Structure formats: structure tokens, C-alpha cells
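Colleague: any chance you could fold what I've pasted below:
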Amino acid sequence: MRLLMLTSRTKAILTIPTRTSSRSLSTLSRKPNSNPNFSFSIVFRWESVSSQSSWSFLHRSPGFAVPKCVSSISSSAASTVEWNDAVTGSEIGGVVGLEEEDEINEASTTSIPVRAYFFSTSVDLRSLVEQNKQNFIPPSSRMTNYVVLRFGDLKPDPNGLGSSLGGNDCCYMVVFQYGSIVLFNVRDHEVDGYLKIVERHSSGLLPEMRKDEYEVREKPTLSTWMQGGLDYIMLQYLNIDGIRTIGSVLGQSIALDYYVRQVDGMVAEFTDINRGMEKTGTFTMERKKLFQLVGKANSNLADVILKLGLFERSDIAWKDAKYAQIWEYLRDEFELTQRFASLDFKLKFVEHNIRFLQEILQNRKSDFLEWLIIILIGAEILISVYDIAHKSSITSL
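Modeller: Sure thing, here's the model as predicted:
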């Protein structure tokens with residue numbers, strides 16, 4: 001028995017003496033191979049049966065090509081064995097193709113839709129919990145700016161890894177105090193019903209609702225805890241801590257999008273003012289309007305830092321490295337740090353323009369007061385001159 005290393009599509013000539021039943025093989029004469037890095041191994045046994053012989057394969061590696069052997073051996077002379085071209089995997093059978101493997105992987109993966117909404121600037125979480133006590137899930141951390149509600153019955157996970165959402169009618173809703181709502185495993189036609197539950201406890205409703213969509217994929221056979229992709233994240237399983245972690249990042253992202261658009265509107269307004277000043281050399285903004293813009297810029301910055309908690313790390317991420325990995329990946333995916341840096345830069349531009357316009361208005365006010373003083377002094381001089389003239393006329397009489 002011998003072990004040979006052969007290359008794909010190899011044609012070899014073997015000279016085999018026929019004196020004994022146990023044969024030894026001579027050195028192979030090989031042709032150059034188009035793919036020298038591809039190789040496979042076979043173990044075979046030589047059986048001599050009078051004048052004809054056959055190759056009996058003991059082992060073959062799955063997924064590799066196996067050569068055909070045609071032999072014709074004489075009992076008195078050396079025989080020539082010719083190896084023909086490689087046989088494809090479909091001829092030998094028992095090989096699982098790449099397409100079949102993909103189908104198996106897809107069958108073990110379940111998709112969970114995630115939708116984030118922002119339609120108000122404040123939500124009364126206490127009253128929301130009071131009216132939905134049966135759906136409320138107690139918090140597992142110190143974070144008090146959001147609540148988690150579960151609707152429907154959750155089936156037990158057969159893998160024992162945690163409560164899996166895949167293949168369940170159960171859905172979750174994460175509601176944040178600053179107005180964001182994140183829905184997990186909710187169908188399209190059911191979204192409005194869940195949003196109305198929160199709308200009853202909301203204030204500062206926006207004229208236009210912001211919306212974002214994402215996807216979580218569950219794959220118990222995943223070799224790592226998580227794997228990122230284009231507009232989705234793949235996990236071994238999704239439980240309540242994963243929902244809280246993912247929901248916190250998506251809630252911040254959709255709210256930050258609203259505030260970025262607010263600041264963009266202020267930037268556009270100041271851009272128009274600057275263009276008008278470029279043409280006319282002056283501007284007509286009232287002091288009250290300018291103060292309103294100052295208040296709007298400051299309140300937006302305060303909301304982003306304080307309400308959204310953009311720079312506060314999730315308590316769940318602090319406790320467990322697995323959820324810290326999810327938290328950091330999603331913040332990277334949604335570019336929260338870069339978007340806040342862009343927002344901060346725009347607010348500095350607005351602040352610079354506000355300061356410039358305030359100085360102009362202050363100068364205008366100073367000029368007005370100066371002219372008013374000049375007029376009053378001039379009027380006093382005229383009155384004094386008139387009195388002197390009037391007394392002189394009386395004296396002369």
C-alpha cells in the first residue's frame with residue numbers, strides 16, 4: 001500500500017514489474033499543471049488477477065477530483081498504466097456543492113426587522129408604563145430614559161441560548177424619553193397601532209416623522225458571537241439585553257438625524273442673510289428673531305448632549321463584553337461620533353454668525369443713542385440761545 005500526492009489533470013506513466021503479487025510503483029513522469037497549488041491524495045491497493053488488473057480505491061477526499069485508471073498487464077513483461085483526465089465531483093457522488101451549503105446556511109438564519117421612529121420631542125414614560133403594566137419589562141440597569149414593552153407570547157428557544165425572536169409572533173417596543181421608538185419584529189401593517197400607543201403620552205409632536213430601518217439576523221451556528229453586514233447585524237441569538245443595546249443606538253441615531261436637520265435649517269437661514277448682506281451691505285433681521293435663533297441653537301445642543309446621552313456608555317455594555325461589541329459596532333456603523341462632530345461644527349458656524357450679527361445690532365443701537373444725545377444737546381443749545389435772545393429783546397424794550 002502506498003500514499004501518492006497527485007495534481008489535477010495529471011497524466012502519468014507507471015512501469016510495474018509482474019514477478020510478485022505485491023507491486024511497487026516507479027517514479028511518476030508528470031506534465032506541467034495549470035494549477036500547481038491544487039492537490040489531493042488517494043490511497044489504493046493493487047490486486048493482480050492473472051493477465052488483467054484493476055485499481056481499488058480505499059479513500060478519497062470529498063470535494064476533490066479522482067482520476068480514472070485503465071490498465072492492461074501482461075504476465076511476462078512490464079505493463080504500462082495510463083492516468084487519464086480528472087473526473088468531476090458529480091461523477092463520484094457524495095460531494096456537497098457550494099449552493100447546497102448556502103441553502104443550509106440560509107435555512108438556519110432567521111431575519112428580524114427593526115424599525116426606528118422619531119415623531120415627538122418628549123414622552124411621559126411613567127404614564128406609558130401605568131397603562132401598559134402587563135407588557136412592561138423591568139429594567140436591568142440604571143438607565144431610566146427608556147422603557148421596554150413586550151407584546152405577544154415568546155416561545156422557548158430550543159437551542160437553550162436565550163429567548164429567540166426568530167419564528168415568533170412576539171415583538172418588542174423600546175420607547176425613549178426624548179421621543180425615539182424602536183420596534184423589533186413588528187409587521188408593516190401593525191406599525192401604526194404600536195405608534196398610537198406611544199402617541200397618547202407624547203408631547204411636542206413633529207410635523208414630519210423620521211424613520212429608519214435595520215435588520216437583525218439570528219444564526220445559532222455562527223462561529224463568532226456577532227458578525228456585521230450591509231444594513232444588518234448577525235448574532236447567534238437576540239435576547240432582551242441585545243434588544244436594549246441595539247435599540248439605544250438606533251434611537252440615538254434617528255433622533256440625531258432630526259437635530260442635524262434642525263441645525264441645517266439654521267445654517268441655510270444664516271447663509272441667506274450673508275448673501276443678502278453681500279449684495280446690499282446691510283441686513284434687516286430684528287433683534288427678537290436673532291434671539292430666537294440663539295435659543296434654538298443652544299436648546300438643540302443641550303438636547304443632543306443631555307437628553308440623547310450621546311456620550312454615555314450603555315450599562316449593559318459595561319457589564320458584558322458581548323454587548324459592548326454590539327454597541328461599539330453599531331455606533332461605528334451609524335457614525336454617531338462623526339455625525340455629532342459635524343453637528344458641532346455647524347453649531348459653531350451658527351454661533352459665529354449670531355455673534356457677528358449681535359455686534360452689528362449693538363453698534364446700530366449705540367449709533368442711535370449717540371445721535372439721540374447729539375439731538376438732545378442740539379435742542380438744549382437752541383433753547384438756551386432762544387432764552388438768551390428773548391431776554392435780550394425784553395431788556396432792550
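
Colleague: now do the phi/psi pair for Arg364.
Modeller: Taking degrees, to the nearest 10, you get phi -60, psi -40 for the backbone angles of Arg364.

Colleague: correction: the previous question concerned Val186.
Modeller: phi -110, psi 130.

Colleague: might one say that it is in contact with Ala116?
Modeller: No: in this structure, Val186 is not within contact of Ala116 by Cβ atoms under 8 Å, at 11.5 Å. The way it works is simple: take the backbone N, C-alpha and C, and place the C-beta from them, glycine included.

Colleague: and the two? Which one has more around it.
Modeller: Using other Cβ atoms under 10 Å, the more surrounded residue of Val186 and Ala116 is Ala116, with 25 against 20.

Colleague: so what's that one bridging to?
Modeller: Per DSSP bridges, the residues bridged to Ala116 are Val182, Asp212.

Colleague: tell me how far it lies from Val182.
Modeller: 5 Å (Cβ to Cβ, to the nearest Å).

Colleague: quickly list what's touching both of the two.
Modeller: Counting by Cβ atoms under 8 Å, 6 or more residues apart in numbering, the residues touching both Ala116 and Val182 are 250-251.

Colleague: residue boundaries of the strands in the stretch 201-350 of the chain?
Modeller: For the stretch 201-350 of the chain, the strands defined by DSSP state E, counting those that start in this stretch cover 202-218, 226-229, 232-235.

Colleague: verify the stated contact: Leu290 with Gln358.
Modeller: Yes: if you go by Cβ under 8 Å, Leu290 and Gln358 touch, sitting 6.7 Å apart.

Colleague: the two: which is more packed in?
Modeller: When Leu290 and Gln358 are compared on other Cβ under 10 Å, the one with more neighbours turns out to be Leu290, at 18 against 14.

Colleague: just give the number of residues close to the residue nearest to the more buried one when sequence neighbours are not counted.
Modeller: Among residues not flanking Leu290 along the chain, Leu357 sits closest, at 5.7 Å (Cβ to Cβ, 6 or more residues apart in numbering). When counting by other Cβ under 10 Å, one arrives at 21 neighbours for Leu357.

Colleague: ok, now which ones touch Leu357?
Modeller: Contacts of Leu357 were listed using Cβ under 8 Å, 6+ apart, and they are 273, 283, 285, 290.

Colleague: any idea how far Asp387 is from it?
Modeller: 45 Å.

Colleague: can you give the domain ranges for the protein?
Modeller: 2-92, 107-255, 266-379 (automatic domain parsing).

Colleague: pLDDT of the shortest one, averaged?
Modeller: This points to domain 2-92. Mean per-residue pLDDT for domain 2-92: 40.

Colleague: count the neighbours of Phe262 for me.
Modeller: Not Phe; residue 262 is Gln. Quick note: Gln262 (other Cβ under 10 Å) scores 17 neighbours.

Colleague: what pLDDT does the residue lying closest to Arg115 once chain neighbours are set aside get?
Modeller: With Cβ to Cβ, 6+ apart as the criterion, Arg115 has its nearest non-adjacent residue at 4.7 Å, and that residue is Leu183. If you check Leu183, the pLDDT there is 96.
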